[in-house]
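*Asks:* Requesting a structural model of the entry that follows:
(one chain, ligands or ions: 1)
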Amino acid sequence: MKIKNIFVGYIEIPLITPFKTALRTVSSVKDLIVKIEGENGETGFGEAPPTAVITGDTKESIEAAIRGYIAPAIRGMDLDDLDAVMAKIEKSIAKNTSAKAAVDIALYDLYARSKGIPLYRLLGDTAQDMVRTELETDITISVNPVQEMVKDSIRAKADGFHILKVKVGKGGDEDVERIRRIREAVGTDMVIRVDANQGWTREEAVRTITAMEDALLDIELVEQPVSCHDFKGLKYVTQNVKTPILADESVFSLEDAERIIEEKAADLINIKLMKTGGIYTAMKICDLARANGITCMAGCMLESKVSVSAAAHLMGARSCITMADLDGPSLCSTDPYTGGPVFEGAKILLPETPGIGITDMPVSFETVF
Ligand code: MG
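*Replies:* Residues are numbered from 1 along each chain as shown. As a prediction, this is how the structure comes out:
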């Protein structure tokens with residue numbers, strides 16, 4: 001089936017509360033949406049958030065990469081030769097992983113819809129993987145004054161979440177105190193994940209994580225303790241604490257994942273479609289992780305339902321992904337989309353409808369070709 005038309009548009013959804021990490025503060029989701037039409041009249045949707053501080057991709061650069069490089073490279077190509085289409089996208093422009101992801105997701109959605117099957121059926125390695133259509137996500141607790149974080153954690157528990165992903169990374173002792181107060185408030189039956197978003201030095205990371213271990217705060221994992229460029233620092237932390245270390249900003253490509261696994265620089269890998277450039281490379285990382293017995297998390301940036309749903313389908317299809325950090329839609333104040341997975345508190349339910357499942361949205365699209 002040939003790729004006939006590509007369109008781009010934008011969606012803006014206010015957040016329930018501002019999202020704060022060691023890197024940024026954001027009050028609404030403002031994402032680019034891609035719509036791709038096949039010659040059979042079917043359509044597929046993709047999405048990309050401009051997360052400049054992490055991916056380097058801005059609203060302007062995402063649209064320019066799609067219009068100027070990615071779309072022209074795949075115009076008229078046959079989607080049945082998916083490997084060739086994906087290779088073209090990869091070669092059309094360096095980096096720009098968010099723009100590539102938006103197009104990749106729309107193509108997978110279109111492809112699965114053309115076959116009349118839900119996306120997770122298309123992504124599953126049926127010989128070894130068991131499809132899961134009911135997933136559980138954590139919820140992010142933004143980095144704030146301790147009292148506010150405690151309040152947010154108690155509210156999350158009341159809202160039915162069992163797993164907190166707590167953002168820290170603004171100072172070692174203060175971070176231990178944050179987690180201590182949250183653990184005290186939510187009790188021992190909640191899972192607590194800690195995300196430092198590159199906020200610590202390697203020594204500070206080992207000191208802080210060890211202090212959390214000594215205080216028996218029962219932390220499931222610590223995500224990206226040090227700078228994404230500090231590969232040796234990441235390995236140093238992994239080797240000097242008991243708590244499992246999850247690589248996030250340090251792993252974009254398949255090559256990054258290979259290096260982390262080969263050198264045992266982290267215990268776990270956070271797969272985000274906006275880092276990998278979409279589902280195609282994410283599946284290669286899953287294959288690699290499974291072959292090496294590495295467990296993964298499916299994560300997202302601050303994204304709305306199109307791309308987060310694509311990540312949920314991937315998780316449903318791939319058993320190496322055991323943890324979901326797919327709370328983007330839960331952080332949005334409204335759901336402007338028709339169809340797709342149901343995000344209900346901590347639960348994500350994948351639909352039986354074809355593709356990602358989203359059929360409509362209030363976006364005015366402009367033609368790329
Ligand atoms: Mg992270």
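
*Asks:* ok, Phe231 - contacts?
*Replies:* If a contact means CB atoms under 8 Å, 6 or more residues apart in numbering, then Phe231 has Ser250, Arg259, Glu263, Ala265 as its contacts. (Glycine included, C-beta is placed from N, CA and C.)

*Asks:* near the ion, which residues of this protein show up?
*Replies:* Near the ion, the residues belonging to the chain are Asp195, Glu223, Asp248 when assessed by CB under 5 Å from the ion.

*Asks:* what about 8 Å?
*Replies:* Counting by CB under 8 Å from the ion, the positions of the chain adjacent to the ion are Thr21, Lys165, Asp195, Asn197, Glu223, Gln224, Leu246, Asp248, Glu249, Asn270, Gly299, Asp325.

*Asks:* and the first one, how many neighbours?
*Replies:* In other words, Thr21. For Thr21, the tally of surrounding residues (other CB atoms under 10 Å) stands at 22.

*Asks:* Would you state the predicted confidence (pLDDT) at the nearest residue to Glu134 once chain neighbours are set aside?
*Replies:* The shortest distance from Glu134 to any residue other than its chain neighbours is 5.8 Å, reached at Leu349 (CB to CB, 6 or more residues apart in numbering). Here the pLDDT value assigned to Leu349 is 98.

*Asks:* Identify the bridge partners of Leu349.
*Replies:* Listed by DSSP bridges, the beta-bridge partners for Leu349 are Glu134, Val342.

*Asks:* who's in contact with it?
*Replies:* Contact criterion CB under 8 Å, 6+ apart gives Thr133, Glu134, Leu135, Pro341, Val342 as the residues in contact with Leu349.

*Asks:* buried residues in stretch 328-335?
*Replies:* Taking 16 or more other CB atoms under 10 Å as the neighbour-count basis, stretch 328-335 is seen to contain the buried residues Gly328, Pro329, Ser330, Leu331, Cys332.

*Asks:* and the residues you listed, which of them are in helices?
*Replies:* Counting by DSSP state H, the members of these that fall within helices are Gly328, Pro329, Ser330, Leu331.

*Asks:* Pipe those residues into CSV and attach pLDDT per row.
*Replies:* Listed next are these as CSV, based on pLDDT from 0 to 100:
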residue, pLDDT
Gly328, 94
Pro329, 95
Ser330, 91
Leu331, 91
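
*Asks:* Pick the one among those closest to the ion.
*Replies:* Gly328 (12.7 Å; CB to the ion).

*Asks:* can I see the domain layout of this protein?
*Replies:* 3-117, 122-360 (automatic domain parsing).

*Asks:* okay, those in a markdown table with distance to Val368 next?
*Replies:* As requested, those are exported to a markdown table (distance: least, CB to CB, whole Å):
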| stretch | distance to Val368 |
| --- | --- |
| domain 3-117 | 4 |
| domain 122-360 | 17 |
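
*Asks:* Now whichever residue of the stretch 201-350 of the chain sits closest to the ion: phi and psi?
*Replies:* Of all residues in the stretch 201-350 of the chain, Asp248 sits closest to the ion, with a separation of 3.8 Å (CB to the ion). Backbone torsions of Asp248, given as degrees, to the nearest 10, read phi -120, psi -80.

*Asks:* of the ones in helices among the buried residues of stretch 328-335, closest to Phe161?
*Replies:* For Phe161, the nearest member of these is Ser330. The distance, counting by CB to CB, is 8.6 Å.

*Asks:* burial of the residue of the stretch 201-350 of the chain closest to the ion, as a residue count?
*Replies:* Residues contacting Asp248 under the criterion other CB under 10 Å number 24.

*Asks:* What of Thr367?
*Replies:* Thr367: 9 surrounding residues under other CB under 10 Å.

*Asks:* What residues sit buried inside stretch 361-369?
*Replies:* Going by neighbour count (16+ other CB under 10 Å), the buried part of stretch 361-369 is Met361, Val363, Val368.

*Asks:* In a markdown table, list those residues along with pLDDT and secondary structure.
*Replies:* Supplementary listing: the buried residues of stretch 361-369 in a markdown table, determined by pLDDT from 0 to 100; DSSP: H, G, I helix; E, B strand; the rest coil:
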| residue | pLDDT | secondary structure |
| --- | --- | --- |
| Met361 | 98 | coil |
| Val363 | 98 | coil |
| Val368 | 95 | coil |
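
*Asks:* Excluding sequence neighbours, find me the nearest residue to Ile179.
*Replies:* In this structure, Ile179 finds its nearest non-sequential neighbour in Leu217, 5.2 Å apart by CB to CB, 6+ apart.

*Asks:* how about the CA coordinates for whichever strand or helix holds Tyr111, as CSV?
*Replies:* In this structure, Tyr111 is located in helix 97-115 according to DSSP states H and E. C-alpha atoms of helix 97-115 as CSV (Å, rounded to 0.1, in the frame of the first residue of the first chain):
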residue,chain,number,x,y,z
THR,A,97,14.2,11.7,16.7
SER,A,98,10.9,13.3,17.7
ALA,A,99,10.0,14.2,14.1
LYS,A,100,11.0,10.6,13.0
ALA,A,101,8.9,9.1,15.8
ALA,A,102,5.8,11.1,14.8
VAL,A,103,6.0,9.8,11.2
ASP,A,104,7.0,6.3,12.3
ILE,A,105,4.0,6.0,14.7
ALA,A,106,1.6,7.3,12.0
LEU,A,107,2.9,4.7,9.6
TYR,A,108,2.6,1.9,12.1
ASP,A,109,-1.0,3.1,12.9
LEU,A,110,-1.8,3.2,9.2
TYR,A,111,-0.3,-0.2,8.5
ALA,A,112,-2.1,-1.9,11.4
ARG,A,113,-5.4,-0.2,10.4
SER,A,114,-4.9,-1.4,6.8
LYS,A,115,-4.6,-5.0,8.2
